[in-house]
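Engineer: My questions concern the predicted model and sequence given below.
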Amino acid sequence: MPTKNIDYNIDVAQGFGYFKNDVETQLLDYVSSVNISCGFHAGDPLLIREYLLKCKEKNLTIGAHIGFNDLQGLGYRPMELSKDEIEAVVLYQIGALAAFAKSYNLVIDHVRPHGAMYKLASENFDFSLSIAKAIQKFDKWLNYTCLDNEILERVSAETGIVVNREVFADKYYKQDFTLDFENNKYLNEEDALNRVRTISYSSQIKIGNGSFMPVNCDTLHFDAKNPNVLQLLKKANDILSPAPSNYNKAAVSGWV
């Protein structure tokens, strides 16, 4: 039996207009939280509404998936923003999703950056801190989901924001336990499932040199662009008993 509960999360609404990833809908049965794109790097009003209603139907935890204003580059191109600009793009995107959520009696639980914004937040303390402060300005109870590393811990310590420490289930890590952002390949199924097992049973991860490092993982991210993600998630669900669960916010606030 696993020694801890783990949340499985995916990104959805990663398209706009006629461009959609139809696999995303099938993935909803195997995760406990979703990050809905808010219109800057992907997503449009109809997609946002569609996935909110699907999440409501399946009782999934909802997060805002925020990115740079870059539909053409799908949010993977880096941008330099001032602190005021960072605050504005964060608040704008959370607000868009929150307006839809309120109209369907739903609430947002967390905020997760995307693409180039995620990479920069994982590597630059000041940038990540600005994101966290903007999130808190919108709602002090929102969680901040980002890569499990020292920067996220420092941001949490300075702001008091509740963080979801994220580990990728199917991407490569370097020897220093930094995510290999330049490697666009995915782990094979066996290695990815072994990662899920070691995190679930012993809170460790195997890194680039073959050794194991301890991790403080709250949520495992499965990349919806991985061509094998559906099969991977189905098998990953068999590892956890009874199922993946998002409990972090409830635990901190005293509900459990």
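Structural biologist: Sure thing, it's come through.
Engineer: what secondary structure does the residue nearest to F181 when sequence neighbours are not counted sit in?
Structural biologist: Of all residues not flanking F181 in the chain, K119 sits nearest, at 5.3 Å (C-beta to C-beta, 6 or more residues apart in numbering). Placement of C-beta: from N, CA and C, glycine included. Look at K119: counting by DSSP: H, G, I helix; E, B strand; the rest coil, its state is helix.
Engineer: swap in the one 3 residues further on?
Structural biologist: Of the three states, S122 takes helix under three-state DSSP.
Engineer: how close does it get to D148?
Structural biologist: 9 Å (C-beta to C-beta, to the nearest Å).
Engineer: ok, now H65?
Structural biologist: Separation of H65 from D148 (C-beta to C-beta): 18 Å.
Engineer: When the two are compared, which one has more neighbours?
Structural biologist: Set side by side, H65 and D148 show more neighbours around H65, with 31 against 22, by other C-beta atoms under 10 Å.
Engineer: Am I right that the more buried one sits in a helix?
Structural biologist: No - assessed with three-state DSSP, H65 is strand; it does not lie in a helix.
Engineer: Is it correct that G75 is in contact with G67?
Structural biologist: Yes - in this structure G75 lies within contact range of G67 using C-beta atoms under 8 Å: 3.5 Å.
Engineer: Which stretches in the chain count as helices?
Structural biologist: 23-27, 45-58, 83-103, 115-123, 125-138, 150-159, 189-202, 229-237, 248-253 (DSSP state H).
Engineer: Low-confidence bits of the stretch 1-150 of the chain, can you list those?
Structural biologist: 1-4, 17-20 (pLDDT under 70).
Engineer: what's I161 in contact with, if anything?
Structural biologist: 132, 135-136, 140, 142-144, 155 (C-beta atoms under 8 Å, 6 or more residues apart in numbering).
Engineer: change it to 10 Å
Structural biologist: I161 makes contacts with 111, 129, 131-133, 135-136, 140-144, 152, 155, as judged by C-beta atoms under 10 Å, 6 or more residues apart in numbering.
Engineer: Show me the common contact partners of S122 and D148, please.
Structural biologist: In contact with both S122 and D148: 166, 179, using C-beta under 10 Å, 6+ apart.
Engineer: related to what we said a few turns ago, list residues touching both of G75 and G67?
Structural biologist: Listed as contacting both G75 and G67 by C-beta under 10 Å, 6+ apart are 37, 40-42, 113-118.
Engineer: Enumerate the beta-bridge partners assigned to the residue nearest the centre of the chain.
Structural biologist: Nearest to the geometric centre of the chain sits R112, at 4.9 Å (C-alpha atoms, centre = their mean). Per DSSP bridges, the residues bridged to R112 are H65.
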